[in-house]
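S.K.: Mind folding the following:
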Amino acid sequence: MTTAEKNTMDRIHVNYEDKPCYDIVLTDSFDLLPEELEKIHISEKKICIVSESNVAPLYADTLKKLLQNHCRLVITHVFEAGEKSKNLETVYGIYETLIRHQFDRKDLLLALGGGVVGDITGFAAATYLRGIDFVQIPTTLLSQVDSSIGGKTGVDFQVYKNMVGAFYMPKLVYMNIKTLSSMPEREYLSGMGEIIKHGLIKDAAYFDWILRHQKNILKRDFQTLQEMLYISCQIKRNVVEKDPKERGERALLNFGHTIGHAVEKLKDFTLLHGECVSLGIAAAAALETHKGLLEDEDYEKILSLLKAFHLPVFTQNLDPAEIVETTLHDKKMEAGKIKFVLLNRIGEASICKTLTNEDLLYAATSIIR
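M.R.: Purely as a prediction, here's the structure:
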């Protein structure tokens, strides 16, 4: 029996501009990683594993041992965990490590960790020597269903989230679903904000599936997680293939993010990203109900599902007017108009550019208690 036959594995092919680009591999260990990387000729490459201070002690040595006999050299670069490290200074540290070890354009970066690691490593890869290959190895639920797929990379600039970045595709996205078992509960549940979002914007049947499988998702049952990840990754794949540079439909993935990002900044990143997305979803759903797009029953269903995964639907100690003001500095602004994603119904969303400041204020006020 081959290694591939021993391991549970799903594979999703991702195209870019109608051409094959990279695979998403969902499996139950890191065992298949050398085999997958050999497809991009790692025997000729140096590899730098980029990780952060919480994840590196768990998995970096395992990867290093797995790969050291398959490539020219394996090194690690570890930075301090947390959103506050998502800046150009951290990228400069990666550049320094790569220069010191004489990495060239034929070498490879591995992003081992959550969304912050993936975004920073991808941006470093896009800009080091005008482009070096990288691979996403997401270890959190949030990064597995969201940031690792689609080629968005970037860092925060001062208080502005993801203002500096590039679209740069990975060579592979490798997901070891078993890493989810080591996640702290709050961080694990934060990922459900993005997953619920996928059902809300694109697939009502998936939204209902999440409702039915709450208990197994909370228990982190492997088979349930594998099915959930596969569906969410397919939804994200389908969207980014149609609109890789976010000129149209891809903006639907920002549902819950406009107000969510504002809350994230104003709370000084004390709330997790998925928690802020949950608040953004709750605010958007309240506005949609107010405008007659959603039935009261659906509004309650959305809030109930978010709360089932211990995600916040209300917050405190924020001024709604300040939330609105912060949204108006968001990078989603276009020709002076905010691009706000609204649900037409559960499973279908659209982009609205006609909301007034009063509409935004209503949405922001709805989540303050």
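S.K.: Which parts of the chain are strands?
M.R.: Counting by DSSP state E, residue ranges of the strands within the chain are 9-16, 19-27, 46-52, 73-79, 108-113, 133-138, 152-157, 160-167, 172-176, 333-334, 337-338, 340-345, 348-352.
S.K.: Ranking those strands by mean neighbour count, which comes first?
M.R.: Using mean count of other Cβ atoms under 10 Å, the stretch among those with the largest mean neighbour count is strand 108-113, at a mean of 28. Just so you know, the C-beta spots here come from the backbone N, C-alpha and C atoms, and that holds for glycine as well.
S.K.: Lys106 and Leu98: what is the separation?
M.R.: Applying Cβ to Cβ, to the nearest Å, the value for Lys106 to Leu98 is 12 Å.
S.K.: the more surrounded of these two?
M.R.: More crowded of Lys106 and Leu98, by other Cβ atoms under 10 Å: Leu98, with 23 against 13.
S.K.: Please give me every residue in contact with the more buried one.
M.R.: Applying Cβ atoms under 8 Å, 6 or more residues apart in numbering, we find Leu98 in contact with Cys48, Asp107, Ala124, Tyr128, Ile132.
S.K.: Which residue, other than its chain neighbours, is closest to the last one?
M.R.: Once flanking residues are discounted, Ile132 sits nearest to Ala125: 5.1 Å by Cβ to Cβ, 6 or more residues apart in numbering.
S.K.: looking at it, the one you found is touching Asp119, isn't it?
M.R.: No: judged on Cβ atoms under 8 Å, Ala125 makes no contact with Asp119 at a distance of 10.9 Å.
S.K.: Mind checking which of the two has more residues around it?
M.R.: Ala125 (27 against 22).
S.K.: show me the contacts for His101.
M.R.: Applying Cβ under 8 Å, 6+ apart to His101 gives the contacts Lys46, Cys48, Leu73, Ile75.
S.K.: Look up how far Phe134 lies from the first one.
M.R.: Spelled out, that is Lys46. 13 Å.
S.K.: One more: Leu108?
M.R.: The value you get for Leu108 to Phe134, if Cβ to Cβ is used, is 7 Å.
S.K.: Need the overlap of contacts for those two.
M.R.: Joint contacts of Leu108 and Phe134 (Cβ under 8 Å, 6+ apart) are Lys171.
S.K.: confidence score at the spatially closest residue to Thr62 that is not a sequence neighbour?
M.R.: In space, and not counting its chain neighbours, Thr62 is closest to Phe30: 6.0 Å by Cβ to Cβ, 6+ apart. pLDDT, Phe30: 97.
S.K.: roughly how far apart are Phe30 and Leu63?
M.R.: For Phe30, the distance to Leu63 (Cβ to Cβ) stands at 6 Å.
S.K.: ok, Leu33 - how many residues close by?
M.R.: For Leu33, using other Cβ under 10 Å, the count is 23.
S.K.: Leaving out the residues flanking it, which one is nearest to His329?
M.R.: In space, and not counting its chain neighbours, His329 is closest to Tyr160: 7.0 Å by Cβ to Cβ, 6+ apart.
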